[in-house]
Structure formats: structure tokens, C-alpha cells
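Chemist: structure, please.
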Amino acid sequence: MKNITAVEILEKLISYESVSHRSNLDIADYIAGLCKGFGGRVDSFLSPDGQKEALLIAFGPAVPGGVVLSGHMDVVPVTNQTWTSDPFRLRLADGRLYGRGAVDMKGFLALCLSAANEMDLARLSRPLYLAFSYDEEVTCDGVKPIVAFLKAHVPAPSCVIVGEPTEMRIVGAHKGAIDWNIQFHGKAAHSSLPHLGSNAIHAAARIVQLVEQLAEEFSRSPNADAASFDVPFATLSVGLIKGGSAPNVIASHCELHIEARPLLAGDHAYILERINKLVEGDVLPRLRRTASEAKVTISEIDSIPPLVRCASSDAERLVGNLMGSSNVEAVSYATEAGFFQAAGLPTVVFGPGSISQAHQPDEFISQSQFEAGGRFLAQLLRTLY
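Modeler: Down below sits the predicted model:
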């Protein structure tokens, strides 16, 4: 299949409407078939409902020291966006490649597939792995079985490169993202007789106050190793709250949504420990003074671990040597990189295109960045021979 180009692969990838709320089986099937034709070994991982599929494709010998190139197949919706042309049809104009996912991140996937097509399998002394996930834009659930399989069944790779658009700059750290939903169940009563009820809104307010206290606590102790972040400490806030039924009724129910952006791996556990301590030691006992059936339910909606800087890791050294740069940056958005790092794999985020184009109408990757990404991957593959 040597006659297919990276642009032709990108054109095909963009044609699949792999929006996160839809099945991605069609695009996964196309990629798997393509890679089998290139001589790759494909392991696939179906979602619990069987409607989505993640892929791990291996090229070369099953020995330690391989390189993993990671990206996601899903894209964000185009709903309520005004596009100049069909978002699911590649358009080339003004030195740009337009289409939904062109930069985030089907452009990188196309370059990976093209590089796999061009490499000399017989010369590989170390393996190349392509790790392509689903649902990165919503939960990051699709990368989890890939990481688990790598850890359990694959000779240890030397590093992982997550190809999110960084304009070909090395990113060695980013914050994580955690979302909790907390529901408070009290007891309704007339507001003139509050002793007969148990106010769920009042209970929730104590957690809101704790969140504010924790946010201030983190802000007073910025992390010295995170100076390159715009905000060099973990952040958290209450983004949604709703409860009650009427002004003259003691609220029987309230729920709130907390979002945290952890900087270090331990931030997650620390925040949850503080919330649980307040719930068990104060909030729930107060609710149950007048309502023995009262309860508080804490649900973790999703959790993306941070990528913590590991200076001079194998991943940083490899990309830095190939790029001739020792500059390593930090970003505030989250990626799948933290999952690989948590499994013990040196990881960086590095890819063509600008994150400012991601999720936008008329999303594009410049041809110059696309070509630079292709040249980098060609160099990278030569290190595996």
C-alpha cells in the first residue's frame, strides 16, 4: 500500500463522523485494516456497550524499548458551529488542511499511519506502537484498556509520545481534571417549622465553603516545580449547584458539581479525603439530627491524571534530541498522557498544529505543521532501526 499519502489518509479519517457520542467502529475498522496491510499486529478493545473500539497496533519485534505514538479517534461536535465548507470533508486552501479533527487530532493519526506505511519493517530492531483511543474528548475511557494491556502484556516501551497539537514544542507537564457530583438528601418541611425538616442546601453550603478553603490553601502554596504553568498550583471550584423546590419549603435535595485541576498525583486523594472527612464528621451528622434517613452520595464522574514533569526522562531526551531543543513547556489543558505516565511509561505531549484551532469552526492544521510532523516521525522511526 505504498501509494497512499498522508493527506489521502487524513481525507479518509476526516470523512468518518467520529463524534464522541457516536459509534467509532467504522473509523477503527478502517485504521485496523490499513495497519494490517502495512504489516501491523492489531489488538482491539471494545467499549462495554460494544459501540466503540480502541486500537493498539504493533510493528516490529516484540522486544523492550519500543516507542508508543498515542492519539484519539474521536472529535467534538460541529453542532451550532458555522463552517465555510462540509466539516467532514477535507478541504485544502491557503496552505491549510481544513476539517473536523484536522488538528485535534486526526492530522497526527494520519501522519502516524503514513509513517508506518513508509518504514522498513525488516530493519526494525525495536517496535513501534500506535495507540489510538476513543472518548478522549469526554471521559478518556478509551485509553484505559490500552494502557492496561501495555503494562500487562507488552515488553516495556521506552517512551510514549502523545501527539496533541503543541506546534512541535515539547510539553512535559499538564494538569489533570477531576469531576465529582455530590448529592445531599435531607427532609422536606414547611419553612416555618424547620425543626421538622433537614436542609440539604445548608448541608451543600458547607461543602461549597470547604472547596473555597481548599482552593485558597492550594493558592498559598504554589509548587516550585510548576513555575512554567500560568497558574502554578492545583485549582478547584463548584461549577454547578441546584436544589430545593420552593422558597417556603426546607430543601430535601441538593446537588453540586465540583471540578478540580490537580497538579500532582496526590492532589486527587487529598481533596477527596478532605471532602469525605467533612461529610462524615459534620455534614451527615447534622442532616441526621432531624432525618435519620438522610444521606450524602459522592460520585466521581471522571478523572484524568496530571502529567508531572520528569526532567530528562527518556521521552524528553528522545524528542529533544530529534528536535535539537532542550526547552520543555507546561500546559493547562489535560490529555491522555497522565494515564501512560501513571503506568510507569516516560511520556511527553508533542505534535503538529496549534491547540487554538481545536474545537473551532473551520478547524485546520497548516500544511507546514503537517509536513513538519511528517519529517519528525521519519526521523523518529530511523532511531528504531
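Chemist: number of residues surrounding the residue nearest to residue 106 when sequence neighbours are not counted?
Modeler: Closest residue to residue 106 apart from its sequence neighbours, by C-beta to C-beta, 6 or more residues apart in numbering: residue 13 at 4.3 Å. Just so you know, the C-beta spots here come from the backbone N, C-alpha and C atoms, and that holds for glycine as well. By other C-beta atoms under 10 Å, 25 other residues sit near residue 13.
Chemist: what secondary structure does residue 13 sit in?
Modeler: Under DSSP: H, G, I helix; E, B strand; the rest coil, residue 13 falls in the helix class.
Chemist: what ranges does the stretch 101-250 of the chain have for its strands?
Modeler: Remark: strands of the stretch 101-250 of the chain, listed N- to C-terminal, are 128-133, 159-162, 170-174, 177-185, 189-190, 235-243, 249-250; assignment by DSSP state E, counting those that start in this stretch.
Chemist: for the fifth one, which strands pair with it and how are they oriented?
Modeler: Under the criterion DSSP bridges, strand 189-190 sits next to strand 249-250 (antiparallel) in its sheet.
Chemist: what sits up against the strand it pairs with?
Modeler: Residues outside strand 249-250 that contact it (C-beta atoms under 8 Å, 6 or more residues apart in numbering) are 186-191, 194, 196-199.
Chemist: measure how the longest helix along the chain sits relative to strand 177-185, angle-wise.
Modeler: Criterion DSSP state H: the longest helix present in the chain is helix 200-219. Counting by axes from the mean of the first three to the mean of the last three C-alpha atoms, to 10 degrees, helix 200-219 points 150 degrees away from the direction of strand 177-185.
Chemist: what about helix 200-219, average pLDDT?
Modeler: Confidence over helix 200-219 (mean pLDDT, whole number) is 97.
Chemist: what are the buried residues along the helix or strand of the chain with the lowest mean pLDDT?
Modeler: None of the helices or strands of the chain scores lower by mean pLDDT, DSSP states H and E than strand 328-331, at a mean of 93. For strand 328-331, burial by neighbour count (16 or more other C-beta atoms under 10 Å) applies to 328, 330-331.
Chemist: let me see the residues that make contact with that strand.
Modeler: With contact meaning C-beta under 8 Å, 6+ apart, strand 328-331 is reached by 166, 169-174, 226, 228-229, 309, 311, 316, 320, 348-349, 355.
Chemist: tell me the contacts of the residue nearest the centre of the chain?
Modeler: The residue lying closest to the centre of the chain (C-alpha atoms, centre = their mean) is residue 335, at 3.4 Å. Residues in contact with residue 335 (C-beta under 8 Å, 6+ apart) are 136, 162, 164, 174, 304, 307, 349.
Chemist: need the helices for this structure, in chain order.
Modeler: Using DSSP H, helices in the chain cover 6-15, 25-37, 106-118, 144-153, 200-219, 265-278, 284-287, 314-323, 337-342, 367-382.
Chemist: quick check: angle from the second one to helix 6-15?
Modeler: Going back to what we said before, that points to helix 25-37. With the same axes, to 10 degrees applied, the angle from helix 25-37 to helix 6-15 works out at 150 degrees.
Chemist: domain parsing for this structure?
Modeler: Domain ranges of the chain: 6-174+307-382, 177-304, per automatic domain parsing.
Chemist: figure out the length between the terminal residues of the shortest one.
Modeler: From its first residue to its last, domain 177-304 covers 5 Å (C-alpha to C-alpha, to the nearest Å).
Chemist: kindly state the pLDDT recorded for residue 227?
Modeler: We have a pLDDT of 63 for residue 227.
Chemist: same thing with the one 4 residues further on?
Modeler: According to the model's per-residue confidence, residue 231 sits at a pLDDT of 89.
Chemist: ok, it - how many residues close by?
Modeler: 14.
Chemist: I figured it hits residue 332, correct?
Modeler: Yes: the pair residue 231 / residue 332 is scored as a contact, 6.9 Å apart, by C-beta atoms under 8 Å.
Chemist: most surrounded residue in the contacts of strand 249-250?
Modeler: Taking other C-beta under 10 Å as the neighbour criterion, residue 186 ranks highest of the contacts of strand 249-250 with 28 neighbours.
Chemist: mind checking how far the residue nearest to the centre of the chain is from residue 212?
Modeler: Distance check for residue 335 against residue 212: by C-beta to C-beta, to the nearest Å, it reads 28 Å.
Chemist: same check, this time on residue 131
Modeler: 39 Å.
Chemist: which one of those two has more residues nearby?
Modeler: Set side by side, residue 131 and residue 212 show more neighbours around residue 131, with 26 against 13, by other C-beta under 10 Å.
Chemist: what's opposite that one in the beta bridge?
Modeler: Going by DSSP bridges, residue 131 forms beta bridges with residue 56, residue 70.
Chemist: which pLDDT value belongs to it?
Modeler: Reported pLDDT at residue 131 in the predicted model: 98.
Chemist: OK, contacts around it?
Modeler: Neighbouring residues of residue 131 by C-beta under 8 Å, 6+ apart: 54-56, 68-71, 143, 146, 150, 160.
Chemist: out of the contacts of residue 335, who's nearest residue 28?
Modeler: Minimum distance to residue 28 across these is 13.7 Å, recorded for residue 136 (C-beta to C-beta).
Chemist: just the pLDDT for that closest one.
Modeler: As predicted, residue 136 sits at a pLDDT of 96.
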